[in-house]
Structures are given as C-alpha cells and as structure tokens.
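Enquirer: Below: sequence and its predicted model.
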Amino acid sequence: MRRAAAGEGAGWLRAIAPLTLAVLAGPVVAGLAGVILPAFGYMPALGGAGFSLEPWRELLAWPGLAAAVRLSLTTGIGATVIALALTLLLVAAGQGTRTFRVLVRLIAPVLSVPHAATAFGLAFLIAPSGWIARLTSPWMTGWERPPDLLTVNDPAGLALTLGLVLKELPFLMLMTLAALAQADGLRTREVAETLGYGRIAAWMLVVLPRVYAQIRLPVYAVLAYSMSVVDMALILGPTRPGPLAVVILDWMSDPNLFMRFQAAAAALLLLALVAGALVLWRLAEEGAGALCRLVAMRGMRATALDRPLRPLALGLGAAGAALVLAGLAGLAVWSVAALWRFPDAWPAGLTLRIWQAQSSAIAGAAGITALIGLIATVAALVLVLGWLEAAHRAGRRAPAPAVLPLIYLPLIVPQVVFLPGMQVLALMAGFEGGLVLVMAVHLIFVLPYVFLSLADPWQAWDARAGTVAASLGAGPWRILLTVRLPMLLRPVLTAAAVGFAVSVAQYLPTLLIGAGRVATLTTEAVALAAGGNRRVIGAWALAQMLAPFAGFALALVVPALAFRKRKGMAV
Amino acid sequence: MSEGLRLEGVEIALGAAPLVTLDITVAPGEVVTIMGPSGSGKSALLTAIIGALPPPFSARGRIRLDGRDITDLPTRARRVGILFQDDILFPHLSVAGNLAFALPSHLRGRAARTARVEEALADAGLEGMGARDPETLSGGQRARVALMRTLLAEPRALLLDEPFSRLDADRRARIRSFVFARAVARGLPVLMVTHDAEDARAAGGRVLDPRGAAVTPGVVASADDCRA
C-alpha cells in the first residue's frame, strides 16, 4: 500500500538518506585515500612525486615498532575481552537484583564522562602519590613518601587497559540492555531455569545467542577503538614507545614533513592490525557459539557457577563504578587543593586560586567546545530526523539492516588511520585549521551516536497518533512538527545530549583537523597531561566532564518543564 | 498424602491487595484449572510456583511438591515445568537442539541422547524434523516441541499458562488433548490458568477461581467474552 503522504512534495527529503551516508562514509574513504597514497611515497604537496616503498622501509627499520605493535594488540584486545566478559557476566548474574538496578542507573552518567576525564581521574587514584596510596599509607604500606612505582604509564599498559575497561563497560552494558529489551530475555532465561539450568548458564546458553547478534557491531567498535585510542593512551599508557596510535600522532606532528610518509605507512599497518583482530574476533565468536551449542546439547546445567560468579561479577561492577566516581571526586579535590602533603588523605586547605587563574582560559575553551558541539549536534539531528522521516513517509521501517554497518564505519575504522589522510587532503585544498572543518569532522562521529540513540524510540512511537492527526486533516509536515516531535521531545533531546557529549570528548579530530589552532576543553586538558600539574589538570578535566553533564541535565529538565502538566508524558 | 503439588495458604498480592488465595492439592495425573479474567493474578501464581515472581508482586504460603518444600528453592532446582502462551523455543538451536537442551546431563553419550530426542520427536509426530529450524515449523508443531522439551527435563509437575490461546480453533483441540494425555500418562499434577471456558471444560478436572471457589466454566466464560 502506498501511503498518501509520500506524494506530498517531500521528494527532497528522500535525498537525505544518501546525503547522510555520504557524510559518514565519504570522509572515511577520502581519508583512507589520503593515507594510502603517502604510505607508498606519493604526495606531491609534501614532495613525494613518485611511488616507492621507502616509507615502509623506514617504518620497519624503526626499533620501537615491535613494542608499539605489541602494546596496541595487548591493551586493545585485552580491554575488549575484559569489558565484554564483565558486561555479560554482570547482566547474566545480576539482572533482577537490587545491586544491578543501582548499577544500571549509574550507566548514563558514567557513560557521559569524556575519555580524558575518566583517564585523569583513574591516574589520580592509582598514581604512587594518588588517593589509594595515600589512604593506605603509612599505616598499611609503611610509605612516608610516594613509592617509586610505575603504576601509571606502566610499560605493559595495564593502567591503560584498566582505563579502557572502565570507559567501555558502561557502553557495552547500555547496548546489551537495549538488545535485551527486544529479545524477551527474562522469560527465555526463566524457561531454561525451569529446565534445571543455573542462572548464569541459562543466560549464556539461551539469551546471549539472541542478544549477541545485536551487540556485535558495538563490540567491534570497542575493539577498534581500544586498539587505536590516543587521548587515554597519552594519559595512562606507556611512553617510548607508546601504542602504535600514539606513535602515528607523534610522527604526524613532527616538524619534519617527511615523517608523514612514515606515519601514513604506520597508519596502514594499524588498519591491518585492526582488520586482523576483527577477523580473529569473528572466528572466536564462531568457536564460542559452537561451544555453547555443544554444552547445550550435552545438557550441562552448570549450576555450580552461580554461587562464586554472582558476587564476583557484582563486586567487580561496583568496584568499576566506584573507581570512576572516586576518580572524578579526586579531580574536584585536586582542583581546589592548597598544600597537600603525602601521605595526607585530604589537603591542608582549600582554595579557588587555580580556578581564578584558569577561569578565563577555561571559559574561552568552553565557548569553543560548546559552539562546535552545538552545531555538529544540530546538523546531526537534522540529518537523522530527516532520514527517519523520509523512510517513514515511504512506508518503510528505518534503518534498513544493510545500512547499519555503514553507520558504524566511522566508529570501526580507527580515527588515527583516516584523519591524517583527511588532514593531508585539507592541507592540499588549502583550508586546514578552520573551525568549520572541525565542526564538519565532529559531525562524522556525532551522527552515528545520534542515530543509534534515536532510531529505537522513533520506531517505538505509536503511529496511531499520526493516523488520528491525518484523519483530522493534518498533512505530513504538520504531523511531524506538532505531533511526532513533541511526543518524542525527550528521546530527541537525549539523543542531542549524547551527540553533544561525543563532540565534547573528541580529541584527535579537533587536534589534527584544527591543526592545533582550535583549542577545546579536551585538547587543552590532554595537552596538560605531559606537564603533570595536578591542580590545573583537575580543573580542566572537571570542566571537560561538566560540559556533557550540562547537556544531559537540559535533556532532563526541558521536557519535564514543557510537559509538567501532562501526566501522559511523564517518564 | 504427600504426592502431587500442594499449595498451602498461598497468597499472591500486588501491593496490599491480595489477588490470589489458594489452598489446594493437585494430585498426580489430575488437572486443576484456575479461571479468571486478565489481571486477576493467575499468571503471577504460576511465576510464583516456578520461583520467578516479578518485584511488584509478593507471595506468601508454602509450596510442596511430592512432599518436598520447594518454596525457597531456586527455579532450576524445583523440577516444575511450564508452558507459556508463546512457545519460547530457542531460535538459535535446531528442533533437536531445543530438545537435547532439556535432557538431564546424567544421560550420557551422544547416541543415547540422540535416541531420546528421536523418541520424543516420534512421540510428538515430528519424525525426521530434528534438524529443522524452529522458525520453519507450524504453530501446532512448535507447541508440541515446546511440550516435549518441558517433559524431557523430567519435571514432577506441569504448569500451563494459557498455552493454547495462540492456536487456531482447528489445532487447539488436538494440541490440548496431546498435552493432557502426556501429562496424565506421566502422572504429573497439572495446574492450568486460562480465561477460556473451552480449555477449562476440556481439562476435565476441577475449575476454581483465583480465590479457590469452584466455578462452572460456561458462566464465567460468557462474562469474560464480553470483556474481551
């Protein structure tokens, strides 16, 4: 049946879907081209006139290569395995318990904390002079001064792995819970339990197989991100060498432009590593699936798992949340600390000196951050809403499952691989370093998250409200603007807050495409990492964390105020 | 008398309001039907018996199965099988995989397990369908697989939560007698909740309302049909 609305002069709306996909995929493809060519020596703007294997020879001759590659693999894959295992265990063991409900309520706020702020908070906790050492000294450890231990920037990358786990766990939890809501997970688990299966075994054997298909792409995004992270690695990761992604950034920012050829080759190598890891992961999925089916066919009830694993999973989950929250508290305390001697657990006095000294710089960076975030978010909202509405008017459910991998493309191809290519192209086109270009690049990363937050509530809308409005004579635009969007105000604003938070947290796009001339809260905060002034870092990281918080607060308050007299719109 | 499913002063409440108050024994091979409109707490009663009552509800009283107090046991240890309105077949396993999932683990060896699954398939009139995807079965076939899966776990009691309401009238009578025949043959106490008078009559046993009063199926059904 063709819907009447489709004919009503909204033909241009149909152009939005291809436009959106172009916004997502175009820069990735162009950026890859901008990396592949110089990796093989060709980039006339940089003086590379002909193809050669010279960049690869240089790269392979670099003595730190093996260590950098090993770090990218161990921290990236390790963090993904731990975060996923903990997520699944938490949901399997905890769903329905009170501790779990508390943890679920913590997901959104913890998720909105930018990577850099999470990393700084963790560093302030576990550093030799951090809160954990202070609280246990000297009565337990005997330390009268900070011990000479590499707990942050440790050569094995353990601190970085822990930071990544803390950041990815809430994301994977959110995705799993969303998938679970659609899969009737609770009743399926109950059926398996009445057949005699333990709670964790029941969930893993019959619920996970239906849920995993839906969290597969998010897991891939986590794996690719963890293997190529830059900002968290600069704060928590080892140095000399760092993981490959950090090395690429070093070479890209080298004053010697010829280093960019070598950086391009390293970026291609990282892309190959990520692709290889994804293939391995896919094979491991198959193996795990076969194992699950085998266990199910054998009828192994595995009831003994529940007793030890349930408290372990809930305990680890609570410990993770506590680490993040205590880390943020640590940032706040440091930013107002006067003299704070080791091993005192609390500073000798509190002062606003740092905030006064930094306030104008922070306010300036906050203004730029907000401007970039708002424009990128509004653009993403317009594109996503246009896309969803066009599909709706064509009588289709959006999105077609086939486009989902395209939406994830900018999240799976590592930023540090294609952004250098985009930077080279921008350099050649002569508009490097502009604010507009930075906003456009933020849009690439904001758009997928806005889409993913909005697609489900958009489809869950009761279409009968639209039918009623149409029967009262309303056209499609009036229905959209006066019925559907107001009814969906809450999810639309939540999606906007998510998009804004993603924009605030962007480090690499702002740094590379802004050519170091666009100063946001995030670029400034990460730049402070090397200096090590905890009071200044605390202030900037706190400001970086508060920006997305403000967005989420608005997304809560505005609908509550707008619909304060509408019981039917209450949460 | 310790055989069968015994509900001792069982009370299911939503907030302060008690919905269900029952004190009954379902003997082995007997089918007891609880009839009531939707929202009367009858499905909550069944989730309480399997030990999965969701939070807004609360339950009191004791539940005994063959003399054993199962009130505080976890779901997996109660040995109470249940069939829901939807068959809840696991879509990622084959038909045989769904059945093998339910077989006790003490039945060892691939050959022995396969033989039991084949036997169950034959009993359900589904010979040779073990390798099929559950999605490719008809509604009636799926219902039979769901029952066989429940029985293969060797439960000591069977609960039915409006298990026939999704089937068309033609299949309904056949599946109903299929389920009752197998439950009775195994000597299982069966507790069914439904709002359908036809199901209640076909069960052939006692019919009670959620407060434990005897009901004549036809009367409640007509009132209920008006509501629907």
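Expert: Received it, and whenever you're ready, just let me know what you need. Residues are numbered from 1 along each chain as shown, chains lettered A, B, ... in the order given.
Enquirer: Any stretches of the chain with poor pLDDT?
Expert: Chain wasn't specified; assuming chain A. A:1-10, A:397-399, A:432-433, A:472-473, A:565, A:567-571 (pLDDT under 70).
Enquirer: um, chain B though
Expert: For chain B (pLDDT under 70), the answer is B:1-2, B:218-228.
Enquirer: Any buried residues in the host helix or strand of residue A:554, and which?
Expert: Using DSSP states H and E, residue A:554 sits within helix A:534-562. Within helix A:534-562, the residues that count as buried by 16 or more other Cβ atoms under 10 Å in any protein chain shown are A:534-548, A:551-552, A:555, A:559. Glycine gets a C-beta too; all of them are placed from N, C-alpha and C.
Enquirer: Could you tell me how far residue A:150 is located from chain B?
Expert: Per Cβ to the nearest Cβ, to the nearest Å, residue A:150 is found 45 Å from chain B.
Enquirer: part of a helix, is that residue?
Expert: No: Residue A:150 is assigned coil when assessed by DSSP: H, G, I helix; E, B strand; the rest coil, not a helix.
Enquirer: Give the burial count for it, as a bare number.
Expert: Other residues lying near residue A:150 total 13 when counted by other Cβ atoms under 10 Å in any protein chain shown.
Enquirer: Now do stretch A:299-309: distance to the chain's middle.
Expert: Put simply, stretch A:299-309 sits 33 Å off its chain's centre (Cα atoms, centre = their mean, to the nearest Å).
Enquirer: Say whether chain B is contacted by that stretch.
Expert: Yes: for stretch A:299-309, a contact with chain B is found by Cβ under 8 Å from any Cβ of the partner chain, at A:299-301, A:303, A:306.
Enquirer: Which single helix of chain B contains the most residues?
Expert: Ranked by residue count under DSSP state H, the longest helix found in chain B is helix B:169-185.
Enquirer: Counting by contacts, list what the helix or strand following it packs against.
Expert: Sequence-wise, the next helix or strand downstream of helix B:169-185 (DSSP H and E) is strand B:190-194. On a contact count with 3 or more Cβ pairs under 8 Å, 6 or more residues apart in numbering or on different chains; DSSP states H and E, strand B:190-194 meets strand B:31-35, helix B:42-50, strand B:157-161, helix B:169-185, helix B:197-203.
Enquirer: what's the closest of those to chain A?
Expert: Chain A lies closest to helix B:42-50 among the helices and strands packed on strand B:190-194, at 5.3 Å (Cβ to the nearest Cβ).
Enquirer: tell me what the closest one is packed against?
Expert: Checking 3+ Cβ pairs under 8 Å, 6+ apart, helix B:42-50 ends up next to helix A:185-194, strand B:5-14, strand B:17-26, strand B:31-35, strand B:57-65, strand B:80-83, strand B:157-161, strand B:190-194.
Enquirer: and those as TSV, adding mean neighbour count and distance to residue A:25?
Expert: Output for those, formatted as TSV (neighbours: other Cβ atoms under 10 Å in any protein chain shown; distance: least, Cβ to Cβ, whole Å):
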stretch	mean neighbour count	distance to residue A:25
helix A:185-194	23	33
strand B:5-14	19	52
strand B:17-26	17	55
strand B:31-35	24	58
strand B:57-65	17	50
strand B:80-83	26	48
strand B:157-161	25	48
strand B:190-194	27	53
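Enquirer: Output the ones you listed in TSV; the columns should cover distance to residue A:460.
Expert: Shown next, in TSV, are these (distance: least, Cβ to Cβ, whole Å):
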stretch	distance to residue A:460
helix A:185-194	17
strand B:5-14	26
strand B:17-26	30
strand B:31-35	34
strand B:57-65	26
strand B:80-83	29
strand B:157-161	26
strand B:190-194	30
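Enquirer: quick revisit: tell me which residues in the longest helix of chain B are buried?
Expert: Buried residues in helix B:169-185 (16+ other Cβ under 10 Å): B:171-172, B:175-176, B:178-180, B:182-184.
Enquirer: Can you report how many residues lie near the nearest residue to residue B:184 once chain neighbours are set aside?
Expert: Excluding the flanking residues, the one nearest residue B:184 by Cβ to Cβ, 6 or more residues apart in numbering or on different chains is residue B:29, at 4.8 Å. For residue B:29, the count of nearby residues is 16 (other Cβ under 10 Å).
Enquirer: Quick check: phi and psi on residue B:29?
Expert: phi 80, psi 0 (degrees, to the nearest 10).
Enquirer: Hmm, residue B:182 and it touching each other?
Expert: No: using Cβ atoms under 8 Å, residue B:29 and residue B:182 do not qualify as a contacting pair, with a distance of 11.3 Å.
Enquirer: Next up, the contacts around residue 32.
Expert: With no chain named, the answer covers chain A. A:271, A:413, A:417-418, A:421 (Cβ atoms under 8 Å, 6 or more residues apart in numbering or on different chains).
Enquirer: look at chain B instead
Expert: With Cβ under 8 Å, 6+ apart, residue B:32 has these contacts: B:24, B:26, B:189-192, B:205-208.
Enquirer: if you set the cut-off to 10 Å instead, what comes out?
Expert: B:4-5, B:7, B:22, B:24-26, B:189-193, B:203, B:205-208 (Cβ atoms under 10 Å, 6 or more residues apart in numbering or on different chains).
Enquirer: cool, and residue B:6?
Expert: Contacts of residue B:6 (Cβ under 10 Å, 6+ apart): B:23-27, B:62-70, B:189.
Enquirer: Could you list every helix and strand in contact with the longest helix of chain B?
Expert: strand B:31-35, strand B:80-83, helix B:139-152, strand B:157-161, strand B:190-194, helix B:197-203 (3 or more Cβ pairs under 10 Å, 6 or more residues apart in numbering or on different chains; DSSP states H and E).
Enquirer: Now do the SS call for residue A:392.
Expert: Under three-state DSSP, residue A:392 comes out as helix.
Enquirer: How about the residues of the stretch 101-250 of chain A by chain B?
Expert: Counting by Cβ under 10 Å from any Cβ of the partner chain, the residues of the stretch 101-250 of chain A lying close to chain B are A:101, A:183-184, A:186-199, A:201-202, A:205-210, A:212-213.
Enquirer: Setting aside sequence neighbours, what's the nearest residue to residue A:330?
Expert: residue A:124 (4.1 Å).
Enquirer: got it, and residue A:268?
Expert: residue A:39 (4.7 Å).
Enquirer: Run a quick check on that neighbour versus residue A:248, I expect a contact.
Expert: No: the pair residue A:39 / residue A:248 is not scored as a contact, 11.3 Å apart, by Cβ atoms under 10 Å.
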